[in-house]
Every structure is written in C-alpha cells, then in structure tokens.
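Chemist: Okay, here's the prediction I keep looking at, along with the sequence it came from:
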Amino acid sequence: MNGRFTRKAWDLIRPLHSPITRRLRKRLGRNYFAHPEMEVPPPYENIQMDVERNLHRYLHVPPTAIAQIVIVGAHEADEVERLHRAYAGARFLCFEPNPSAFKRLSRKFANSPYVKCSELALSDQPGTARFFELDMPGNGSLLEPDAEAWSTFNQWNKKEVSAFEVKVSTLDRESGGTAIDLLWMDVQGGEGKVLAGAAETLKRTKAIFLEVALVRSPYKGASLFHEINRLLEAHGFLCAGLGLDAWNGTGNALFVKNLAALICR
C-alpha cells in the first residue's frame, strides 16, 4: 500500500519538478564517480532501464523501427507504459495467467489500442497446469518454489504458497507470424520451458530480455544461466547485457541475435 501511494504521489509531482530539475539531473546523473553520495541502481534494474531506453541502439535501428514487443509473465506490465514512451509505434502482446493480475492488467489497458492481453501461461506444450503464487507480487510460476529457499533468496519472511489451475500454451501457437523486436520474459525460472516452446518464434525474434539465475534458483526445475545461454547461442543470440543481484546471483539478461553483424553497423 505504501509503495503504491508513493508511486501515485510521484506521478502527481513529476510534471511539476521534472522540467525544472531536468538540466541538473542530467548533469549530476552522469557523474557517479564525483558524487559517491548518489545511489547507484542495482545491476538488475540498470540493465532493465538500459533495455527500456536503448533497445533500438542494440538493434542498430531508429526508435520508430521498434514495432512488436511480446511480454510473457506480464503481471501488471508497468514496463509497457515506459516502453511505449520510448517506442511509440510499438504494439504489445502481454501474457498473464493469474486471474486477479490479468483482471487488473486488462482493465489498465482497456483503452490502449496498442496493447493486447492474453490470460495464458506459456511453456513447452499446451494444456493446463498448476500455477504457484507467493506472497510477493509478481513471483508466480509454473514451477513449484522451495518456500524456504525462496524466502532466503528474497529476504522475505512470508512463505505461504498457493496454487491453482491455469491454461497453458506455447509461444509458437500464440505469437503470430510477425517479427518480434523484443521478447520480454518474467516467469520465475520457467524461461527454459518457454523457449523450448518457441523454436519457430525465435527465428523471427531480434532480442530477448529475461530473468536469469547464475548458479541456483528457488524454483524447482529452473533453467540456469549457462543453460539459457547455450540454448540461445544455438539460435544465433549472444548475451549483450547482464545485471545480477549480489545477494542471490539472480538478475536480468539481454540477448541479441546476430550481434556480431550488428556491431558498428
């Protein structure tokens, strides 16, 4: 509740202070070395902000060329509004299987012609499956969590896990036949299974942004970074950015297809 109130307060204040402080923020914002009192974003957030603002630079295209972004495990898809500011011509396809989160998501974008929402979990094969939800919002997964390990990973005292049935499909069945500029995944360890159901989709995908676990995960059966990296390298992708949480070795990674050919193009 406090976090939501703070965000709404900032949304009200930002239009007033932003034009006044923009020049100062741009000057100080690039000088972390000279201003050690300035807090640096954690690496996993930094790589996400980099992707949101600079995807077109990684792909060596103008911002207007970004046309299709697919988000798997959207939750409430806060990143959509930020990405839309950077890439106004992009359309978004968002997947979210949790009924309550999907209700909020679809209500949020009901009047947005550039966003399509689907109440599905994605994996390596279609059907139905149990979906596990934890007390921390946005941490639901098709993979069963080890509650004790999850609590330690996230430094979170509450360990309750609920489960319910959801519909499951694959990216190859749901993503359509268009090129995808960015495939964004937040599926709590299920990235490997989503990619396993996306062999055809990966052929027309230019960049992938996803959560990774370096050495272990609190979700049973989760694919680790080296496995994701090996799978995506086989499809022509290279890791172009990685940001990890120093506490638990999890974070976010960006993979770009045909990166060697794009460099300095």
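Modeler: Cool, the structure landed. Residues are numbered from 1 along each chain as shown.
Chemist: Domain map for this protein?
Modeler: Following automatic domain parsing, one finds the domains of the chain at 1-40, 41-262.
Chemist: Please work out which of these is packed deepest.
Modeler: Scoring those by mean neighbour count under mean count of other Cβ atoms under 10 Å gives domain 41-262 as the most buried, with a mean of 18. For the C-beta atoms, the positions are set from N, CA and C on the backbone; glycine is no exception.
Chemist: any idea where the strands of the protein begin and end?
Modeler: 68-72, 91-95, 115-118, 121-122, 127-134, 161-169, 182-185, 207-213, 237-244, 250-257 (DSSP state E).
Chemist: Direction included, what does the shortest one pair up with?
Modeler: The strands that strand 121-122 pairs with in its sheet are strand 161-169 (parallel) (by DSSP bridges).
Chemist: again with the third one
Modeler: Strand 115-118 sits in its sheet next to strand 91-95 (parallel), going by DSSP bridges.
Chemist: Any chance you could list what contacts the partner strand?
Modeler: For strand 91-95, the surrounding residues in contact (Cβ atoms under 8 Å, 6 or more residues apart in numbering) are 67-74, 77, 80, 83-84, 105, 109, 114-118, 120-122, 174-176.
Chemist: cool, and stretch 146-159?
Modeler: Looking at what lies outside stretch 146-159 - Cβ under 8 Å, 6+ apart - the contacts are 134-136, 139, 160-161, 218-220, 247-248, 250.
Chemist: Now do that stretch, average pLDDT.
Modeler: Averaged over stretch 146-159, pLDDT sits at 88.
Chemist: Can you give me the end-to-end span of it?
Modeler: Using Cα to Cα, to the nearest Å, the end-to-end distance of stretch 146-159 comes to 9 Å.
Chemist: quick one: it to chain centroid distance?
Modeler: On the basis of Cα atoms, centre = their mean, to the nearest Å, stretch 146-159 sits 21 Å off its chain's mean C-alpha point.
Chemist: where does the stretch 101-250 of the chain dip in pLDDT?
Modeler: For the stretch 101-250 of the chain, no stretch is flagged by pLDDT under 70.
Chemist: show me where it has helices.
Modeler: 147-154, 171-174, 191-196, 199-203, 225-234 (DSSP state H, counting those that start in this stretch).
Chemist: Which other helices and strands does the second one contact?
Modeler: This points to helix 171-174. Here helix 171-174 touches helix 199-203, going by 3 or more Cβ pairs under 8 Å, 6 or more residues apart in numbering; DSSP states H and E.
Chemist: Keeping just the C-alphas, turn the helix it packs on into PDB.
Modeler: Extracted in PDB, the C-alpha atoms of helix 199-203 (Å, rounded to 0.1, in the frame of the first residue of the first chain):
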ATOM      1  CA  ALA A 199      11.600 -22.700 -31.800                       C
ATOM      2  CA  GLU A 200       9.800 -21.100 -34.700                       C
ATOM      3  CA  THR A 201       9.200 -17.800 -32.800                       C
ATOM      4  CA  LEU A 202      12.900 -17.500 -32.100                       C
ATOM      5  CA  LYS A 203      13.600 -17.400 -35.800                       C
END
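Chemist: Which neighbouring elements make contact with that helix?
Modeler: Using 3+ Cβ pairs under 8 Å, 6+ apart: helix 199-203 touches helix 171-174.
Chemist: Give me the residues contacting the helix it packs on.
Modeler: 70, 72, 93, 95, 118, 120, 122, 126, 183, 194, 197-201.
Chemist: And the furthest pair within these?
Modeler: Ser118 and Ala199 (19.9 Å; Cβ to Cβ).
Chemist: how close does the nearest residue to Lys203 once chain neighbours are set aside sit to Thr64?
Modeler: Of all residues not flanking Lys203 in the chain, His235 sits nearest, at 7.6 Å (Cβ to Cβ, 6 or more residues apart in numbering). Distance from His235 to Thr64, counting by Cβ to Cβ, to the nearest Å: 27 Å.
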